[in-house]
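**Student:** Quick one: sequence and predicted model below, then my questions.
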Amino acid sequence: MNTHRKTAIIVGILYIIGTVAGFLFKMVFTGSIQNDLNLLTQVAANEKQVIIGALFLLIMGLALALVPVMMFPILKKQNEALAVGYVVYRGALETITTVAIVISWLFLTVLSQQYTAGAPDASYLQTFGSLLLKGNDTIGTISQVVFPLGALMFYCILYKSKLIPRWISGWGIIAAAWVLVMTAFDWFGISGSWSTTLVDILDFPIFFQEMVMAVWLIVKGFNSSAIAALSAKTTSNQL
């Protein structure tokens, strides 16, 4: 099995690991806790659940951060500037926002212990915990810009190079642009009355596209003729 085939399989697996881990964090381990009015009480009662959820979020961040690292040697042959931008946005910046959210959830477990122990400033701890979640929402909003911008760079290179079928990379471009539109709606308060379920449904195109691409990479790999063309282009540029 050649290097590029291995890279395609690894990238596909990383996408699946990241997506599954993110789903478990949001929908299984922390989803119900985030919306509870007695936040710290719920965190204290489900401390192990919160820690496991934070671990899954960290796994998601690390798995998806490895994708641009694995792809960079290939993508730079098509467009080095966009490839570097992809590494910066989806490799570095997105990882920083994810780690910040992980730390805040772990810090919530510390606050919850103090709160349930009857600390004198218990009411302030509850307020601080709510502020931490608000901070997570702000970080999440930043991530909702960082993620699609990095994705747009990625899919533009894939579309241009034809490393995967253009219907998949073109779908990625449209889905990433839609995430940006959704973020703009959120900034201007247009999505304020939308339910969480509706927002999840509107985010579904990029989720589904990434899973289709992941399966394609595992089963089919990169277009061999596109790989050859990129190698020839690199050789020509070096002459």
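**Tutor:** Received, thanks.
**Student:** so what's Ala44 up against?
**Tutor:** Applying CB atoms under 8 Å, 6 or more residues apart in numbering, we find Ala44 in contact with 109, 112-113, 115-116. No exception for glycine: its C-beta is placed from N, CA and C like everyone else's.
**Student:** how about a cut-off of 7 Å?
**Tutor:** 112-113, 115-116 (CB atoms under 7 Å, 6 or more residues apart in numbering).
**Student:** Repeat that for Ser161.
**Tutor:** 78, 226, 230.
**Student:** Buried members of these into PyMOL, please.
**Tutor:** Those of the contacts of Ser161 that count as buried under 16 or more other CB atoms under 10 Å are selected in PyMOL with:
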select buried, resi 78+226+230
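**Student:** Met213 and Ala229, how far apart?
**Tutor:** Distance of Met213 to Ala229, computed by CB to CB, to the nearest Å: 20 Å.
**Student:** Show me which of these two is the more surrounded one.
**Tutor:** With neighbours defined as other CB atoms under 10 Å, Met213 and Ala229 compare such that Met213 has more, 21 against 16.
**Student:** so the more buried one touches Trp167, yeah?
**Tutor:** No. Between Met213 and Trp167 there is no contact under CB atoms under 7 Å: 10.6 Å.
**Student:** what bits of the protein have low per-residue confidence?
**Tutor:** Scanning the chain for pLDDT under 70 picks out 1, 35-37, 117-123, 190-202, 234-239.
**Student:** List the buried residues of the biggest helix by length in it.
**Tutor:** Criterion DSSP state H: the longest helix present in the chain is helix 122-161. By neighbour count with 16+ other CB under 10 Å, helix 122-161 contains the buried residues 125-126, 128-129, 132-133, 136, 139, 143-159, 161.
**Student:** chain center to stretch 164-175, what's the gap?
**Tutor:** From the chain centre to the centre of stretch 164-175 is a distance of 18 Å (CA atoms, centre = their mean, to the nearest Å).
**Student:** Quick check: the gap between Ser225 and Leu62.
**Tutor:** From Ser225 to Leu62 the distance is 33 Å (CB to CB).
**Student:** Contacts only, for Pro68.
**Tutor:** Neighbour list for Pro68: 86-87, 90-91 [criterion: CB under 7 Å, 6+ apart].
**Student:** ok so, going back, now the common contact residues for Met213 and Trp167.
**Tutor:** With the criterion set as CB under 7 Å, 6+ apart, the contacts of Met213 and Trp167 do not overlap.
**Student:** State the helix or strand in which Phe56 lies.
**Tutor:** helix 47-75 (DSSP states H and E).
**Student:** quick one, that helix and helix 122-161 angle?
**Tutor:** 20 degrees (axes from the mean of the first three to the mean of the last three CA atoms, to 10 degrees).
**Student:** Now Lys77: closest residue in space, sequence neighbours ignored.
**Tutor:** Nearest residue to Lys77, sequence neighbours excluded (CB to CB, 6 or more residues apart in numbering): Leu230, at 4.0 Å.
**Student:** er, Tyr86 I mean
**Tutor:** Met153 (4.4 Å).
**Student:** thought the one you found was touching Ala81?
**Tutor:** No. Counting by CB under 7 Å, Met153 stays clear of Ala81, with 9.0 Å between them.
**Student:** check contacts around the residue nearest to Thr98 when sequence neighbours are not counted.
**Tutor:** The shortest distance from Thr98 to any non-neighbouring residue, by CB to CB, 6+ apart, is to Gly61 (3.2 Å). By CB under 7 Å, 6+ apart, the contact set of Gly61 is 95, 98-99.
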